[in-house]
Every structure is written in C-alpha cells, then in structure tokens.
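Undergrad: Here is a sequence with its predicted model. Questions after.
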Amino acid sequence: VYINEERRFAFIEFKTMEMTSACMAFDDINVLGRGKVKVKRPNDYNPALSPDMNPNALPKFDLSKLGIISSNVPDGPDKIFIGGLHYHLTDDQVLELLSAFGQVKAFNLVKADPTATTNKGYAFVQYADSAVTPIAIMGLNGMDLGGGKTISAKGAASRGAPGALPALGGA
C-alpha cells in the first residue's frame, strides 16, 4: 500500500485477482459526502493476460451494509426506473423520497455530466431488500410531485430482455 495524503490517492495491491476484481465495486462511491472514490486498474493492465475467473466465485460486497449507497445500479430484476422528476431536485432530495420505502442499496440520479446542477428528470434505484421493489413501484408510480409532475416508476429489466426499457443513459 502506498498512500499520498497530500494529493489524496493511494495504490493498493491485493493478494488475489478475485479480490481485486470484487473491489472494483467501490468505484464511484461517495465517502461521507467528501468526494467520490475512483477505483481503477493500472494503465498497463491487460485483461487478456489475466487468468479466467468464474464471476460467481468473486466475493460480493454489499456496500449498503456499511451505510454506503452505490451510484452504480446494476441491471437486474430489482432495478427500478423513476421518471417524471423535477429537474432541479438534488440527489439527497430524491433519496429522501425513495428511502421512505426501505433501505436504498444503489441509486443514480441521471445528469448530463457529474458536475451538473440539474438532473435529466429520471433516476434508477435498487433497494437492499428485493421484497421492497414491487411495493416501491406501486407507491411511487403516479405520485404527484406538484407543478404538473407525476412520477413514473417501473421495473427496469436488463437491456435486451423482453419488456426492457430502452437505454436512456448511464445508470
């Protein structure tokens, strides 16, 4: 481990490729509101030279158990699309609404770029408890936000799957 506190970065070498790959899940998480963590492979990393890994054998980190909400909402049956949001709402305001249904595991309020002050009017969310997904969809869909805005909430199936939403941007 090499830590440069002045420039706020560190180099970490893990014992196994599996642990290294699993730790990529920490990319883009916000740490105590003080900034986002960037996790990257070395510039000379060549995946063709790495040994084959079984994705099911990789350790899984549930960041929500640490109280960390991931900004990467993975495709799957528990991914929810939330549309019809006011453009001026902040991450914290939307999270406050979504948290009323349960603990949020992953959340992404889509913006034109990370520094934008306004959002694109939609977000993606995943709850820590998958049983909350249908309850949140029912509770959020059709909710009146005022100002002529009504929330649209639906399951966001994996891209290319039957019933999937069209790709709307990064999530």
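TA: Noted; the coordinates are in hand.
Undergrad: Now the worst-scoring helix or strand of the chain on mean pLDDT: buried residues?
TA: The helix or strand of the chain with the poorest confidence is helix 17-22; it has a mean of 79 (mean pLDDT, DSSP states H and E). If you call a residue buried by 16 or more other CB atoms under 10 Å, then helix 17-22 has these buried ones: Glu18, Thr20, Ser21, Ala22. For the C-beta atoms, the positions are set from N, CA and C on the backbone; glycine is no exception.
Undergrad: would JSON lines of those with distance to Asn43 be doable?
TA: What follows is those, written out as JSON lines (distance: CB to CB, whole Å):
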{"residue": "Glu18", "distance to Asn43": "22"}
{"residue": "Thr20", "distance to Asn43": "15"}
{"residue": "Ser21", "distance to Asn43": "17"}
{"residue": "Ala22", "distance to Asn43": "21"}
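Undergrad: Could I get the pLDDT score of the residue nearest the centre of the chain?
TA: Central residue of the chain (CA atoms, centre = their mean): Asn72, 2.4 Å from the mean position. As predicted, Asn72 sits at a pLDDT of 81.
Undergrad: in this structure, which spans are strands?
TA: With strands called from DSSP state E, the chain shows them at 2-4, 9-11, 80-83, 104-109, 122-127, 144-146, 149-150, 152-155.
Undergrad: Would you format these as TSV with mean neighbour count included?
TA: Formatted as TSV, the strands of the chain follow (neighbours: other CB atoms under 10 Å):
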stretch	mean neighbour count
strand 2-4	9
strand 9-11	10
strand 80-83	22
strand 104-109	22
strand 122-127	24
strand 144-146	10
strand 149-150	14
strand 152-155	16
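Undergrad: TSV for those, including distance to Leu98?
TA: Below are the strands of the chain laid out as TSV (distance: least, CB to CB, whole Å):
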stretch	distance to Leu98
strand 2-4	35
strand 9-11	32
strand 80-83	7
strand 104-109	6
strand 122-127	5
strand 144-146	13
strand 149-150	16
strand 152-155	10
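Undergrad: Done for today, thanks.
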